[in-house]
Every structure is written in C-alpha cells, then in structure tokens.
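**Student:** Sequence plus the predicted model coming up.
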Amino acid sequence: MQNGLPSVDPFGVFPATDAVRNDTVLKGQWLGQVVLFTLFEAGGVNAVIAYRVLVLLACTGLVVWRARWLKASPLALWPVLALIGLIATVFGGERPQLLSFFFAALFFAVLDRAGSADDKVGRPGWLLALPVITVLWANSHGGVLLGVALLGLWCSIKLLDKQCATREKIHWSLIGIAVVLASLATPNGIQTYLYLFNLEGSVLQSRTSEYISAFQLYTLGQTWPQLWVALYYGLAVVATVMLARRKQWVPVALVFFLGAISISSFRYFIFFLVIAAPYVASGVTLALPASLLARLSSNKQVVTIGHGLLMVVLVGILAMGVVRNSVFQGGFYEPAYPVEIADFAAEKGLQGRSFNSMEWGGYLLWRLSPQVKMYIDGRMLDQTRFPPYTNILWASPIGLKLFEDENFQLVMMPYHGRYDPQRYPLINYLQKRPEWILVYRDAKGVIFVRDDRQQNSQYRNL
C-alpha cells in the first residue's frame, strides 16, 4: 500500500509466466485488497469477518428493496429470501469478490429503479449512477465483466423493442457505452477482458472447485446446499414462464442467462441470487392465485402474522446456532487448515524449500514464510506448474524425477485431496526412502524432512 500497486506477488512462490493473469490478480482487485487490508490492520480477522457479514446482509437488503419495487408478494419473497440465506453461506470467502457481490446487487437496484425491467415507469436519471458504480466495481473485482455483459443483454432487448421510444433507445445506447468505458478505468484496462477469455478452458479452471456445475455440488459433499440450489432453480423456472407470459423479456433474459451460466459454473450462482432473486419473486407472485393475493392485500393481519412466523423461524435457527457454537465465532475456521502442522514446523524451526499441497499453500505461506519456501499456492500465477505438481503428488515416473530434481528439504501435505479419499502415492514413496524422515503426523497430514546423512540425524528425535 505504501509503494503503489505491486508488479510482482510479494507472497508468491514462483514468478508469474502469464503476464495477463499476474496483472489481473495483483492490480485488478486493488480496491478490494485495500479494503480487506485496512480492516485487518484495524481489527484483525474478526473485523474482516464482520465486513463479510455486513456485505452479505447489504446484498440481501437490496434484494428485498428491489423485490418490493417490483411488487413481489411476501408469499413469493419469503421462500426466495430463505434460499438466499441458506445458499449464501457457501460464498463466505473473505476475498475481494465480496465487493463484487455488493456492486452487482447495487448495479441492478439502480437499473430496476430506472424502471425498465417491467412495465413500471421509472426514473432514468438513476442510470447516471451506473458508470460510477462500474468504476468502483472494476477496481475491486473482475466480476464487473458479468455486469457489463448483462447490461449489454438488457440494452439489446430495449433496442429491439418496437414499443421503446427512439429517445429511450438513445439513452440505453449511451449508458451502455459509458459503462463499457468505465469498466476500462482500471490499472489493467482491456487486459481484464483478455484474462476472462484466456481463463476459459484453462487448466486452472478445470482444477478449481468453483467451476463445478451448480448441479454437482453433491460430489463435493454439499448435500443440503445442493437441495437448496435445486429448489431455487425450481422457483426460477416458474418465474421465467410467468414473466414470459407477461412479455417481460428483460427479466426473462436475465434469469435465463444467469441460470444457464450457473449450471456451467457454480461460482456464478451467487450472482444468480443477488441479481435475479427479485425477478424470481416477482415471477412467482404472478403464479399465485389472484384471490389469494387479493385477500393478502385486504387483510394486513395475514401479512403481519406471516412476518411474525418468519421471525420466529429465524430466531429459532439463530438459537440453534448459538447452542451448537456455530455462530458469533471469531478467528478463522481452524479445521480447514493445517494449524498443528504449521505450529510444529514453527516450533522446531524447520527451514528450506518444501513441497506442499496447493490447498495448503496460502496458509503455510502466511504462517511459515520466509523460513520455509513453498512450492505452490492457490493463486497459480504460473499454470505450467500444474502438470509437474500433479505428477509429483501421484508419484508417476516423471513426477518422481521432477521431485528429486527440485531438491526439496521438506514435504508438508495431507493424506488425500479435500474431495478425493484416495491416498497420495507420494507419501508411500517417501516412507520407503531412507533419506526422508517422517517427523510429524496428525489427522490432517504429515511432515517429512530430508536428511541425506541418514545416521545421527538431528531430525530423528523430533
């Protein structure tokens, strides 16, 4: 922060070979990184956790505000909000993408208020806020490209609408151009777009769980989230049909597009929630019997009772969380990280170059750098590391040669992958090699230390 935007990853374990990815990761998210760093400096991990909670609550609040503007019935909005709450917990990473979620919700709140998603008369002056939001979004996270694409879809539908006045079409054309230009007002400019194209079909994409289909979460052990996703898709299908019958083509296109890309990649599902949820609630409202809606509008007590029951359920869920000690917790979720392994390495003063699992790379860098230099971490600024890394893990003939050529002094790794119970063959190989000494093991993984002397080793008593 004191010396400007970095051109080289200060925590990296190897130089980047992909300049576009390097600049995108290091510079394209600078605002989001500054926010997180400032919060961490001011209040530690707990301040960052509070920030995450507030951002997700703000997104939910914007969904409610938009749904009410679109005249969604409480009966339709309640289940949608419940699913948002249940699914949003999966998107809890303390990363710059949190701001992307917020700016996406805010971006479409402005669009809805401008009044073109349905047949309401809005206030076009609100559109002037879009370029400002876009600049902030573009400097926080690359998710701004999704906003640009969706606005392009919105504008295209308006331009093709024969009932749309020529003056209004000019407004949409100008705002579309302004938003595209605003998205380029970053240290990377057009490189952000190039990175998106380079990422498609890449090894990184195939190795990242975020790119799994929204209907394959069960393969990661996410059984309940899979159910909530399926239910949300069910509501989205109903909403799309009803909105299409009313010829509300903008929300139909947005819901369909976001649902489709979420099937391809679960990482987009949070945008399917914060952007499309008000349209889903609006469409489901159209599916409810008119007589039921009439009774609700004439009998406010029913709505009040409904809100009361919803609050009782929410308080009950919160109480269960308190009893199970799963809410209001500070710090980080230690079971997800090799805390004891890092503690042991730090206590014993282990040093040198270490082969490690990619999942552990970031945490071990944070805990043990610079005494221990890791082989790989999850940012993967050099995708050419994937093939040798995989070959080493599975102890292929090529992998074993690569492993020996790297001249590692340490190995820190789990027994198997997070979602794959098969034991890594590299561990079996190390156990058979006399120069490699197993100095630590626990339920999460192992530490091996290389000692070519093999006798009177200082490590044999660790």
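**Tutor:** Perfect, I can see it now. Keep in mind that this is a model prediction, so the values were computed, not measured.
**Student:** show me what contacts the closest residue to residue 216 other than its chain neighbours?
**Tutor:** Closest residue in space to residue 216, ignoring its immediate chain neighbours: residue 266 at 7.8 Å, by CB to CB, 6 or more residues apart in numbering. Glycine gets a C-beta too; all of them are placed from N, C-alpha and C. Residues near residue 266 by CB atoms under 8 Å, 6 or more residues apart in numbering: 210, 211, 212, 213, 214, 216, 217.
**Student:** Give the closest residue to the third one in space, chain neighbours not counted.
**Tutor:** Counting by CB to CB, 6+ apart, residue 266 is the residue found nearest to residue 212 once chain neighbours are left out, at 5.4 Å.
**Student:** Tell me the buried residues within the contacts of residue 266.
**Tutor:** By neighbour count, with 16 or more other CB atoms under 10 Å, the contacts of residue 266 hold 211, 212, 214, 217 as buried.
**Student:** can these go into JSON lines with extra columns for pLDDT, secondary structure and distance to residue 28?
**Tutor:** Shown next, in JSON lines, are the buried ones among the contacts of residue 266 (pLDDT from 0 to 100; DSSP: H, G, I helix; E, B strand; the rest coil; distance: CB to CB, whole Å):
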{"residue": "211", "pLDDT": "79", "secondary structure": "helix", "distance to residue 28": "19"}
{"residue": "212", "pLDDT": "88", "secondary structure": "coil", "distance to residue 28": "24"}
{"residue": "214", "pLDDT": "92", "secondary structure": "coil", "distance to residue 28": "25"}
{"residue": "217", "pLDDT": "89", "secondary structure": "helix", "distance to residue 28": "28"}
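**Student:** Out of those residues, which two sit at the greatest distance?
**Tutor:** Within the buried ones among the contacts of residue 266, 211 and 217 form the most distant pair, 12.3 Å apart (CB to CB).
**Student:** what's the weakest-modelled helix or strand in this protein?
**Tutor:** Confidence across the helices and strands of the chain bottoms out at helix 203-206, with a mean of 58, counting by mean pLDDT, DSSP states H and E.
**Student:** which element follows that helix toward the C-terminus?
**Tutor:** For helix 203-206, the following helix or strand on the C-terminal side (DSSP states H and E) is helix 223-245.
**Student:** how much distance is there from that following helix to the middle of the chain?
**Tutor:** In terms of CA atoms, centre = their mean, to the nearest Å, the centre of helix 223-245 is found 21 Å from the chain centre.
**Student:** Same check on stretch 278-297?
**Tutor:** 32 Å.
**Student:** got the buried residues for it?
**Tutor:** Neighbour-count burial for stretch 278-297 [16+ other CB under 10 Å]: 278, 279, 280, 281, 282, 283, 284, 285, 286, 296.
**Student:** Looking at those, spot the one nearest residue 394.
**Tutor:** residue 280 (43.5 Å).
**Student:** What confidence value was assigned to that closest one?
**Tutor:** On pLDDT, residue 280 comes in at 98.
**Student:** residues touching it, list them.
**Tutor:** 80, 232, 235, 236, 239, 255.
**Student:** same thing with residue 240?
**Tutor:** Residue 240 sits in contact with 252, 255, 256, 259, 283, where contact means CB under 8 Å, 6+ apart.
**Student:** which one of these has the most neighbours?
**Tutor:** Within the contacts of residue 240, most neighbours by other CB atoms under 10 Å means residue 283, with 29 neighbours.
**Student:** pLDDT score assigned to the closest residue in space to residue 259 that isn't next to it in sequence?
**Tutor:** Nearest in space to residue 259, with sequence neighbours left out and distances taken as CB to CB, 6+ apart, is residue 236 at 5.5 Å. Note on residue 236: pLDDT of 98.
**Student:** For the stretch 51-200 of the chain, just list every one of the helices.
**Tutor:** Secondary structure of the stretch 51-200 of the chain, counting by DSSP state H, counting those that start in this stretch: helices at 74-88, 97-114, 129-138, 144-160, 166-183, 191-199.
**Student:** most neighbours per residue, which of the ones you listed?
**Tutor:** helix 97-114 (a mean of 23; mean count of other CB atoms under 10 Å).
**Student:** Packing partners of that helix?
**Tutor:** helix 30-69, helix 129-138, helix 144-160, helix 269-287 (3 or more CB pairs under 8 Å, 6 or more residues apart in numbering; DSSP states H and E).
**Student:** I'd like the mean pLDDT over it, please.
**Tutor:** 95.
**Student:** any idea whether residue 412 is helix, strand or coil?
**Tutor:** strand (DSSP: H, G, I helix; E, B strand; the rest coil).
**Student:** So which other helices or strands are in contact with the helix or strand encompassing residue 304?
**Tutor:** Using DSSP H and E, residue 304 sits within helix 300-323. Where contact means 3+ CB pairs under 8 Å, 6+ apart, helix 300-323 is packed against helix 74-88, helix 290-298.
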